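here is a sequence together with a model predicted from it:
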Amino acid sequence: MSAYLDHAATTPMRASARDAWLEQSERGGNPSSLHTSGRAARAVVEESREEIAGALGARPSEVVFTSGGTEADNLAIKGTYAARSHSADAHRIVVSGIEHHAVLDPVQHLVRRGGAEVTWLEPDRCGHIAVDDLRAALAPGSGAAPALASVMWANNEVGTVQPVADLAAVAREAGVPFHTDAVQAVGQLPVDFSASGADLMTVSAHKVGGPVGVGALLARRDARMVPLVHGGGQERQVRSGTLDAAGIRAFAVALTEAVAQQEASAARLAGLRDRLVAGALGLDLGVTVSGCWTEGELLDRLPGNAHLLVPGCEGDSLLYLLDAAGVECSTGSACQAGVPQPSHVLLAMGYAEAEARGALRLSLGHTSTEADVDAFLAALPAVVERARRASGAA
């Protein structure tokens with residue numbers, strides 16, 4: 001059996017969520033229908049909405065169901081920009097340079113097709129976005145009027161956690177809507193939508209042990225968005241389409257369980273992460289840690305995130321060799337036209353392209369064990385030797 005160390009990509013469904021999905025999927029019924037089955041499905045959706053809201057410090061009316069994190073990010077960015085550019089003549093987006101592509105690509109689309117301008121917030125060497133940089137970017141005279149600002153809660157590659165409440169407060173002072181992608185944060189960190197001060201927040205089911213294909217955008221009642229999809233007018237008229245009652249039920253069950261177990265889970269995952277990192281550093285392979293890591297850290301870096309740089313290696317070679325050795329992980333980098341590209345996150349943090357090419361992301365989750373860490377540490381020396389030999393760096 002493989003050692004699965006790619007929970008940041010997707011984590012296995014929790015048994016409770018799987019049971020809930022199966023139970024509801026056998027019932028049928030369109031939540032928009034008025035007959036008995038339809039009303040029963042609607043009741044399941046609304047009960048699940050209440051549970052999700054309660055787990056995340058939101059009001060039920062603030063939970064807008066989507067097909068996942070990518071759609072939620074697109075709705076937040078494109079929908080808010082469309083509303084604000086029309087009503088407030090605001091044509092600038094302020095966004096961090098280390099966002100997931102589900103945020104970066106919509107922003108770049110709006111630049112190409114929507115007349116948007118962008119102010120990029122660049123991170124420090126640890127991956128943090130400075131509150132003062134956001135304040136300066138939103139100040140009068142810094143460019144076109146800002147339509148919105150977006151900074152992710154926790155980075156999907158290096159695990160850096162941002163000061164979301166402080167950033168949101170700055171945006172609110174400036175009268176600018178603030179969005180945060182919290183897909184990686186929920187279940188690993190304490191996440192409270194109301195306390196954060198954010199106007200919009202993205203969450204996804206399959207990162208907390210729910211099914212793929214379900215997520216939500218938490219949106220304050222006064223958040224103005226133009227819908228991207230038109231049809232039945234579901235979800236506050238901003239996200240049309242038949243709601244997946246079974247998926248939503250499983251989402252609620254998984255999220256509630258993940259949040260309830262968050263404190264204990266974070267401590268357990270951090271222990272595994274620290275043993276993995278310390279073990280890799282102690283193998284005398286020249287491995288370093290991306291960003292800032294302190295043993296026992298629970299709040300400044302995701303407890304389940306380990307991101308390593310292996311000099312003299314290509315990340316893809318490391319990935320395939322580890323896979324062949326029974327260890328599944330990720331590089332975090334992109335591939336364009338079949339050519340591996342170094343991570344935009346690492347480049348933005350100031351790493352050289354050669355350094356960034358040797359990246360490995362190892363992410364732990366609710367099924368991770370000591371045996372997974374042992375398997376990685378046992379496989380790494382031979383994998384690095386082969387990867388360096390292949391690249392001519394041995």
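Looks like it arrived, so ask away. Residues are numbered from 1 along each chain as shown.

for the stretch 1-150 of the chain, what spans make up the helices?
15-25, 36-56, 69-74, 80-87, 101-113, 131-138 (DSSP state H, counting those that start in this stretch).

deepest-packed of those helices, please.
helix 69-74 (a mean of 24; mean count of other CB atoms under 10 Å). (C-beta placed from N, C-alpha, C; glycine too.)

name the helices or strands packed onto that helix?
Helices and strands touching helix 69-74, by 3 or more CB pairs under 8 Å, 6 or more residues apart in numbering; DSSP states H and E, are helix 101-113, strand 178-181, strand 200-204, strand 215-219.

so what touches the second one?
Strand 178-181 is contacted from outside by 69, 73, 76-77, 80, 99-100, 102-103, 148-153, 162, 164, 167-168, 171-172, 196-202, using CB atoms under 8 Å, 6 or more residues apart in numbering.

which among these count as buried?
By neighbour count, with 16 or more other CB atoms under 10 Å, the contacts of strand 178-181 hold 69, 73, 76-77, 80, 99-100, 102-103, 148-153, 162, 164, 167-168, 171, 196-202 as buried.

low pLDDT regions in the protein?
333-339, 393-394 (pLDDT under 70).

hmm, try it at 80
Along the chain, segments meeting pLDDT under 80 span 1, 332-340, 392-394.

show me how it divides into domains.
15-259, 262-391 (automatic domain parsing).

and Ser290, how many neighbours?
If you count neighbours by other CB atoms under 10 Å, Ser290 ends up with 28.

my bad, Ser33
Around Ser33 there are 14 residues (other CB under 10 Å).

same thing with Ala264?
For Ala264, using other CB under 10 Å, the count is 9.

let me see the contact set for the residue lying closest to Gly69 once chain neighbours are set aside.
Setting aside the residues directly before and after it, Gly69 is nearest to Ser204 in space (CB to CB, 6 or more residues apart in numbering), at 3.7 Å. By CB under 8 Å, 6+ apart, the contact set of Ser204 is 68-69, 72, 183, 214-215.

out of those, name the two that are farthest from one another.
The distance between the two most remote of the contacts of Ser204 (CB to CB) is 12.3 Å, for Val183 and Val214.

quickly list what Leu218 is bridged to.
Per DSSP bridges, residues listed as beta-bridge partners of Leu218: Val63, Met201.

ok, the nearest residue to Pro106 once chain neighbours are set aside - contacts?
Spatial nearest neighbour of Pro106, excluding adjacent residues (CB to CB, 6+ apart): Ile77 at 4.3 Å. Applying CB under 8 Å, 6+ apart to Ile77 gives the contacts 93, 103, 106-107, 110, 148, 150, 179.

what helix or strand is Val383 on?
helix 370-391 (DSSP states H and E).

buried set for that helix?
372-373, 375-377, 379-380, 383-384, 386-388.

look up how far Leu360 lies from the closest residue to Glu295 other than its chain neighbours.
Using CB to CB, 6+ apart and skipping residues adjacent in sequence, the residue nearest Glu295 is Asp274, 4.9 Å away. Plainly put, Asp274 is 16 Å away from Leu360 if you go by CB to CB, to the nearest Å.

compare those two (neighbour count), which wins?
Leu360 (25 against 18).

now the angle from the one helix or strand that one maps to to helix 370-391?
Element membership of Leu360 [criterion: DSSP H and E] is strand 359-363. If you take axes from the mean of the first three to the mean of the last three CA atoms, to 10 degrees, strand 359-363 sits at 170 degrees to helix 370-391.
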